[in-house]
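Chemist: what follows is a predicted structure for the sequence shown.
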Amino acid sequence: MLLMAKQSFLLVSLQEDKAKKLAQAVSNESCRKILDYLAEKEATEMDLAERIGLPVSTVHYNLKQLGDAGLISAEEFHYSKKGKEVKHYKLANKYIIIAPKSTFGLKEKLKSLLPALLIASGAALAISLFSKNFPIMAQSEQPMVMEKAAAAPAAFMEAGRINEPNIAMWFFAGAVFALSAFFIASLIKQRKD
């Protein structure tokens, strides 16, 4: 399977089979010859076989190995006189990053925090809606508010919200802080290990 490179890097965990394929491809002398040639220009299987001096079957096998490892791609092709599709191979032009298991999956860890962040947002929204419908007043404000409530119902609602803290905002900020602290602490712990 040949990979069409859209990313500028290839992230490989030492725990994956892809790391083994990559190591086998890079350690193979024929694969290195093919990579050296493709570093200069694109080529077909026949071109590579002629230029490098290897049998076509060997070139075909090694191109498959390099494609499985994600080191080459075949995005263009033409048809031969016999009507067969002839692929043009080139380097995938990627940086290869080999990561141990502990640092692999940073994106996955961020994704795992997303549900908690969504729950915190939902809870903050619920608290906000609840606090708008049921205002909380300090004990010292209650007698003053009761006097104003007898005069005008609108004054009662306004007086209850003058010094009211935005509980939803503080809840959400606390949740984001807690998630951030947890994420940073886990990164520090992984780097120490």
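Modeler: Nice, thanks for sending it over.
Chemist: in the chain, which segments are predicted with low confidence?
Modeler: 1-9, 99-112, 133-165, 193 (pLDDT under 70).
Chemist: swap the cut-off to 50 and go again
Modeler: Filtered on pLDDT under 50, the chain yields the residue ranges 1-5, 103-104, 138-139, 156.
Chemist: separation between Thr44 and Val12?
Modeler: According to CB to CB, to the nearest Å, Thr44 and Val12 sit 28 Å apart. C-betas here are computed from N, CA, C, even on glycine.
Chemist: for Val26, grab the count of nearby residues.
Modeler: By the criterion of other CB atoms under 10 Å, Val26 has 15 neighbours.
Chemist: what sits against it?
Modeler: Val26 sits next to Arg32, Ala69, Leu71 when contact means CB atoms under 8 Å, 6 or more residues apart in numbering.
Chemist: mind listing what the residue lying closest to Val12 once chain neighbours are set aside touches?
Modeler: Distance criterion CB to CB, 6 or more residues apart in numbering; nearest residue to Val12, sequence neighbours excluded, is Ala19 at 4.8 Å. Taking CB under 8 Å, 6+ apart as the criterion, Ala19 is in contact with Val12, Ser13, Ile98.
Chemist: Leu22 too?
Modeler: Contacts for Leu22 were tallied using CB under 8 Å, 6+ apart; they are Leu10, Val12, Ala69, Gly70, Leu71, Ile96, Ile98.
Chemist: also Lys90?
Modeler: For Lys90, the contacting residues are Leu38, Lys41, Glu42, Ile72, Ser73, Ala74, Glu75, by CB under 8 Å, 6+ apart.
Chemist: can I assume it sits in a strand?
Modeler: Yes - under DSSP: H, G, I helix; E, B strand; the rest coil, Lys90 falls within a strand.
Chemist: from the contacts of Leu22, which ones fall inside strands?
Modeler: Leu10, Val12, Ile96, Ile98 (DSSP state E).
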